[in-house]
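A.B. asks: let's see this in three dimensions:
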Amino acid sequence: MTYFDHPQLFEPPPQPQPPAPPEPPRHHTALLRALVVLSVIALLGGILVGRETAGHSSNQASPPATSPSNGVNGGNGFNGGNGFFGGGNEGNGVGGNGSFGNGSSNGTGNGSSDGTGNGTVSPAANSTAAKVTPAVVNINTTLDSGAAAGTGMILTSDGYVLTNNHVIDGETSITVELQNGSEHSAKVIGYDVTDDVALIKVNGVSGLPTINSNSGSVSVGDSVVAIGNALGKGGSPTVVTGSVTATKQTITASDDDGSNAETLHNLIQTNAPIQPGDSGGPLVSGSGRVIGMDSAASTNSGFGFRQASSSEGYAIPISAALTIANHIKSGDGSGTVHIGTRGIMGVALSTSSDSGNANSSNGAVIGEVESGTPADHAGMQEGDTITAVGNASVSSENDLTNVMNQYHPGDKVTVHWTDTSGNQHHASLKLVAGPPA
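C.D. replies: Residues are numbered from 1 along each chain as shown. Here you go, the predicted model:
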């Protein structure tokens with residue numbers, strides 16, 4: 001794979017030659033070569049989607065895919081933003097001639113406004129992004145295991161915000177940063193694990209700007225801008241550009257440890273270089289309207305929520321995301337949509353296929369039981385397999401997640417399980433409040 005396609009140089013017919021200029025001093029030549037090398041190194045900087053998880057990321061950068069470009073349209077200078085190499089590059093490399101004008105890029109026609117080694121976004125792209133960024137928020141969550149960050153889009157002036165479910169799952173508290181720099185607490189209104197959509201409400205706000213969306217058709221080749229809280233850095237959002245490379249895509253995405261796998265359908269595929277922390281952010285058309293919500297990116301091993309991308313991102317069509325958000329806001333729960341606080345029994349499921357339980361293929365295997373919880377009081381132990389909740393049978397982790405969607409704190413449920421010796425048990429548990437799934 002080549003990273004850049006340079007225009008081929010053709011030798012012109014012989015022409016009378018003027019006297020050759022004096023050779024520049026060698027130290028000037030050496031300096032020029034050094035600057036060129038630094039430029040190329042920065043442009044090859046790895047592209048790190050999903051929420052950015054502090055202290056728990058195993059991102060590995062992948063080289064950007066190569067696509068044709070229309071000439072060398074690089075900018076001037078080496079004094080860009082704060083990139084991976086301590087300083088971004090202001091338009092050095094091969095640029096494309098897309099809808100957002102001639103500009104710098106990383107060889108794929110993609111640009112970045114934050115100096116991450118992907119060049120400078122053109123004024124046209126920044127102008128498009130400016131129509132949306134006032135309604136973009138940074139989302140920071142506290143987890144039992146640390147902290148995480150993502151992006152959201154303001155839907156109503158009183159603070160309802162659309163984001164991905166995987167941005168808020170497992171949270172014990174949420175803080176939202178608005179574009180004026182103010183920070184506010186927020187709560188989860190509801191979520192859809194299957195379709196990776198969540199709705200949160202920012203506390204104590206009014207008169208907020210809201211997104212304008214476009215639920216019309218999206219075509220391959222359409223120029224797009226992606227906006228988000230890249231790498232969880234906070235402050236003004238990062239802006240990157242690209243184009244739609246496919247539509248109606250289906251992928252199975254997961255966290256970097258293979259957990260929380262979800263199969264997502266009807267996605268928009270783009271080569272805009274979205275990064276961890278961009279999840280929940282808008283994918284914007286050339287007219288400045290939101291067409292999708294950035295959700296996942298390709299990795300060396302598949303597709304992920306919080307892993308390094310390779311200039312291949314995926315967005316949920318905004319019409320689908322808004323339909324789910326409206327159900328949540330209306331309190332319309334379903335088999336996949338959960339409204340309000342989640343009721344839990346106090347178990348964490350095993351992600352290992354080798355659980356030591358012969359019955360593991362017929363249920364959800366318990367990886368850990370939290371002390372003092374209803375499951376602990378009922379006598380459940382690590383390695384046991386949950387086979388039914390109420391009248392619903394459970395044959396997998398996803399089954400248990402879907403069954404538990406209908407329950408809330410205080411609900412009583414009868415849980416059936418099999419221990420590692422094959423003995424069957426059941427007990428009535430009163431669920432307690434837990435973080436979103």
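A.B. asks: where does the stretch 251-400 of the chain have low pLDDT?
C.D. replies: For the stretch 251-400 of the chain, the stretches flagged by pLDDT under 70 are 254-260, 299-310, 351-361.
A.B. asks: mind listing the helices for it?
C.D. replies: For the stretch 251-400 of the chain, helices defined by DSSP state H, counting those that start in this stretch occupy the ranges 318-329, 374-378, 397-404.
A.B. asks: same question, the stretch 101-250 of the chain
C.D. replies: 123-130, 165-168.
A.B. asks: of those helices, which stretch is the most buried?
C.D. replies: Highest mean neighbour count among the helices of the stretch 101-250 of the chain (mean count of other C-beta atoms under 10 Å): helix 165-168, with a mean of 29. The way it works is simple: take the backbone N, C-alpha and C, and place the C-beta from them, glycine included.
A.B. asks: thinking again about what came up before, need the helices of the stretch 101-250 of the chain in JSON lines with mean pLDDT, can you?
C.D. replies: Below are the helices of the stretch 101-250 of the chain laid out as JSON lines (pLDDT from 0 to 100):
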{"stretch": "helix 123-130", "mean pLDDT": "95"}
{"stretch": "helix 165-168", "mean pLDDT": "96"}
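A.B. asks: for S223, which of those is the nearest?
C.D. replies: Nearest to S223 among the helices of the stretch 101-250 of the chain is helix 123-130 (8.3 Å), distances taken as C-beta to C-beta.
A.B. asks: need the pLDDT of E183.
C.D. replies: Note on E183: pLDDT of 98.
A.B. asks: mind listing what it touches?
C.D. replies: If you count contacts by C-beta atoms under 8 Å, 6 or more residues apart in numbering, E183 has them with 175-177.
A.B. asks: mind putting the helices of the stretch 101-250 of the chain into CSV with distance to S213?
C.D. replies: Below are the helices of the stretch 101-250 of the chain laid out as CSV (distance: least, C-beta to C-beta, whole Å):
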stretch, distance to S213
helix 123-130, 14
helix 165-168, 19
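A.B. asks: between the ones you listed, which gets nearest to L143?
C.D. replies: Of these, nearest to L143 by C-beta to C-beta is helix 165-168, at 10.0 Å.
A.B. asks: what packs against that closest one?
C.D. replies: For helix 165-168, the elements it packs on are strand 136-143, strand 146-154, strand 183-192, strand 197-202, judged by 3 or more C-beta pairs under 8 Å, 6 or more residues apart in numbering; DSSP states H and E.
A.B. asks: again, 7 Å this time
C.D. replies: strand 183-192, strand 197-202 (3 or more C-beta pairs under 7 Å, 6 or more residues apart in numbering; DSSP states H and E).
A.B. asks: for the ones you listed, which one sits closest to A392?
C.D. replies: The closest of those to A392 is strand 183-192. By C-beta to C-beta, the value is 18.3 Å.
A.B. asks: now that closest one - C-alpha only, PDB.
C.D. replies: C-alpha atoms of strand 183-192 as PDB (Å, rounded to 0.1, in the frame of the first residue of the first chain):
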ATOM      1  CA  GLU A 183     -20.100  22.400  32.600                       C
ATOM      2  CA  HIS A 184     -23.300  20.800  33.900                       C
ATOM      3  CA  SER A 185     -24.300  17.500  35.400                       C
ATOM      4  CA  ALA A 186     -26.600  15.300  33.300                       C
ATOM      5  CA  LYS A 187     -28.700  12.100  33.700                       C
ATOM      6  CA  VAL A 188     -29.600   9.200  31.400                       C
ATOM      7  CA  ILE A 189     -33.200   9.400  30.200                       C
ATOM      8  CA  GLY A 190     -33.000   6.100  28.400                       C
ATOM      9  CA  TYR A 191     -31.100   4.000  25.900                       C
ATOM     10  CA  ASP A 192     -31.200   1.300  23.300                       C
END
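A.B. asks: buried by neighbour count: which residues of it qualify?
C.D. replies: Within strand 183-192, the residues scored as buried using 16 or more other C-beta atoms under 10 Å are 186, 188-192.
A.B. asks: closest to I168 out of those residues?
C.D. replies: Using C-beta to C-beta, these come closest to I168 at V188, 5.7 Å.
A.B. asks: for V218, see how far away the residue nearest to G181 when sequence neighbours are not counted is.
C.D. replies: Using C-beta to C-beta, 6 or more residues apart in numbering and skipping residues adjacent in sequence, the residue nearest G181 is G235, 7.9 Å away. According to C-beta to C-beta, to the nearest Å, G235 and V218 sit 29 Å apart.
A.B. asks: and the two? which has more neighbours close in?
C.D. replies: V218 (20 against 11; other C-beta atoms under 10 Å).
A.B. asks: tell me the contacts of that one?
C.D. replies: By C-beta atoms under 7 Å, 6 or more residues apart in numbering, the contact list for V218 reads 244, 247, 268, 291.
A.B. asks: how about the helices of the stretch 101-250 of the chain, which one is nearest N140?
C.D. replies: Closest to N140 of those, according to C-beta to C-beta: helix 165-168, at 10.0 Å.
A.B. asks: ok, which stretches of the stretch 301-437 of the chain are strands?
C.D. replies: Remark: strands assigned in the stretch 301-437 of the chain by DSSP state E, counting those that start in this stretch are 302-304, 313-317, 337-339, 342-344, 347-349, 364-369, 385-389, 392-393, 412-418, 424-430, 432-434.
A.B. asks: among the contacts of V218, which two are most distant?
C.D. replies: T247 and I291 (10.4 Å).
A.B. asks: which neighbours do those two share?
C.D. replies: With C-beta under 7 Å, 6+ apart, T247 and I291 have common neighbours 218, 268.
A.B. asks: just the pLDDT for the residue lying closest to H426 once chain neighbours are set aside.
C.D. replies: Spatially, and ignoring its direct neighbours in sequence, H426 is nearest to H416 (4.5 Å; C-beta to C-beta, 6+ apart). Predicted confidence (pLDDT) for H416: 97.
A.B. asks: the one 10 residues further on now?
C.D. replies: The pLDDT attached to H426 in the predicted structure is 97.
A.B. asks: name the nearest residue to A433, sequence neighbours excluded.
C.D. replies: Distance criterion C-beta to C-beta, 6+ apart; nearest residue to A433, sequence neighbours excluded, is P409 at 4.1 Å.
A.B. asks: dump the residue contacts of that neighbour.
C.D. replies: 341, 343, 431-433.
A.B. asks: if we can go back for a sec, and of the buried residues of strand 183-192, the nearest to V202?
C.D. replies: For the buried residues of strand 183-192, the minimum distance to V202 (C-beta to C-beta) is 4.7 Å, reached by A186.
A.B. asks: relative to V365, how far out is the closest one?
C.D. replies: In this view, A186 and V365 are 33 Å apart by C-beta to C-beta.
A.B. asks: which of the buried residues of strand 183-192 sits closest to G228?
C.D. replies: Looking at the buried residues of strand 183-192 and their distance to G228, the nearest is A186, at 17.3 Å (C-beta to C-beta).
A.B. asks: contacts only, for that closest one.
C.D. replies: Residues in contact with A186 (C-beta under 7 Å, 6+ apart) are 174, 176, 200-203.
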